[in-house]
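Student: Take this sequence and fold it.
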Amino acid sequence: MSALSIPGVRADRLSDRYAAFIFDLDGVLLLSGEAHEWAYREALRGAGAERFDYARYAGMRTTDALRLALLDNGLELADAELRRLAKRKTDLAASRLERENPLAPGCLATLERLHGRTRLALASSGSRRNVRSFVKRNRLERLFEFVIDGEDVRAAKPAPEIYLRAIARLGLAAARCLAIEDSLAGVEAARAAGADVCGLPTAVSAEALRAAGCAFVLEGLPELLA
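Tutor: Next up is the predicted model:
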């Protein structure tokens with residue numbers, strides 16, 4: 001479903017209906033799923049966990065995802081060991097992402113054109129290293145009013161804290177904010193904070209995103225520009 005098919009919403013008026021777009025990072029601006037899935041599998045294999053379905057954990061903070069993945073494999077680690085495992089996963093993913101920088105098609109052009117038409121923020125459950133590295137290497141500091149990462153909140157997605165913080169910093173009613181998400185955890189977080197959600201089917205299917213409550217689902221970022 002494209003924005004053009006939403007009753008009462010014209011794609012070229014999204015920036016009028018919504019005063020701010022709050023972007024997730026992984027799977028939205030950066031097609032990092034392959035790198036993160038590989039890093040998770042490498043880290044978990046060393047802990048004796050072989051079963052891993054990335055879609056189930058996409059959008060979660062690394063420690064939360066690893067803890068759940070270990071439990072799904074009948075395993076459990078002490079907190080110190082879990083932190084070491086999370087660091088290994090983060091280091092593996094960061095190295096690959098810094099090397100490959102797999103931007104979503106139209107990412108930079110879309111952000112450039114939206115800048116000035118609507119307010120932009122970045123809210124990711126990712127590690128500070130990965131989030132800040134993405135912003136810096138793509139020179140996006142001037143486009144986002146602020147950046148919130150997983151280390152800025154106590155409860156990561158699917159808890160709504162990260163979106164509640166973003167909406168509060170914007171000083172807007174939640175209904176005036178549009179979250180751009182690809183994961184079920186992210187959709188749940190944004191909706192719980194009161195924001196509408198635009199889904200991108202990179203981590204899960206369009207059908208799953210609609211079922212989770214996305215106001216609409218786009219095929220790619222340039223559709224935000226009509």
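Student: Report the separation between the residue nearest in space to the middle of the chain and Ala43.
Tutor: When C-alpha atoms, centre = their mean is applied to the chain, the residue found nearest the centroid is Asp24 (3.2 Å). According to C-beta to C-beta, to the nearest Å, Asp24 stands 22 Å off from Ala43. All C-beta atoms are positioned from the backbone trio N, CA, C, and that covers glycine.
Student: What of Ala104?
Tutor: Using C-beta to C-beta, Ala104 is found at 25 Å from Ala43.
Student: how about the strands in the protein?
Tutor: Using DSSP state E, the strands of the chain run over 20-23, 119-123, 147-148, 177-181, 196-199, 216-217.
Student: among these, which is the most enclosed?
Tutor: Comparing these by mean neighbour count (mean count of other C-beta atoms under 10 Å), strand 177-181 ranks first with a mean of 27.
Student: Now that one: average pLDDT?
Tutor: Averaging pLDDT along strand 177-181 gives 98.
Student: and if you look at stretch 102-114?
Tutor: Across stretch 102-114, pLDDT averages out at 96.
Student: Buried ones in that stretch, by neighbour count?
Tutor: For stretch 102-114, the neighbour count (16 or more other C-beta atoms under 10 Å) marks 104, 107, 110-111, 114 as buried.
Student: could the residues you listed be laid out in CSV, adding distance to Ala193?
Tutor: Converted to CSV, the buried residues of stretch 102-114 look like this (distance: C-beta to C-beta, whole Å):
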residue, distance to Ala193
Ala104, 23
Cys107, 24
Thr110, 23
Leu111, 22
Leu114, 21
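Student: Check those and tell me the two furthest apart.
Tutor: Within those, Ala104 and Leu114 form the most distant pair, 13.7 Å apart (C-beta to C-beta).
Student: pretty sure Ser133 contacts Arg96?
Tutor: No: applying C-beta atoms under 8 Å as the test, Ser133 and Arg96 come out as separate, 11.7 Å apart.
Student: Give me the contact list for stretch 200-210.
Tutor: For stretch 200-210, the external contacting residues (C-beta atoms under 8 Å, 6 or more residues apart in numbering) are 1, 27-28, 31, 33, 54-55, 58-59, 104, 180-184, 187, 199, 217-221.
Student: ugh, wrong one, I meant stretch 93-112
Tutor: By C-beta under 8 Å, 6+ apart, stretch 93-112 touches 28-32, 34-36, 38-39, 120, 127, 129-130, 133-134, 137-138, 140, 143, 200, 202, 220-222, 224-225.
Student: do that again at 6 Å, thanks
Tutor: Contacts to stretch 93-112, defined as C-beta atoms under 6 Å, 6 or more residues apart in numbering, come from residues 29, 31-32, 35-36, 39, 129-130, 133, 143, 220-222.
Student: List only buried entries from the residues you listed.
Tutor: When the contacts of stretch 93-112 are checked for burial by 16+ other C-beta under 10 Å, the buried set is 29, 31-32, 35-36, 39, 129-130, 133, 143, 221.
Student: Closest one of these to Arg88?
Tutor: Ala39 (8.2 Å).
Student: my guess is the closest one meets Leu92, correct?
Tutor: Yes: contact status for Ala39 versus Leu92: in contact at 3.9 Å, counting by C-beta atoms under 6 Å.
Student: Can you give me the domain assignment for the chain?
Tutor: For the chain, automatic domain parsing gives the domain ranges 3-31+103-225, 33-100.
Student: which one of the ones you listed is the most hemmed in?
Tutor: Across the domains of the chain, the average number of neighbours (mean count of other C-beta under 10 Å) peaks for domain 3-31+103-225, which reaches a mean of 19.
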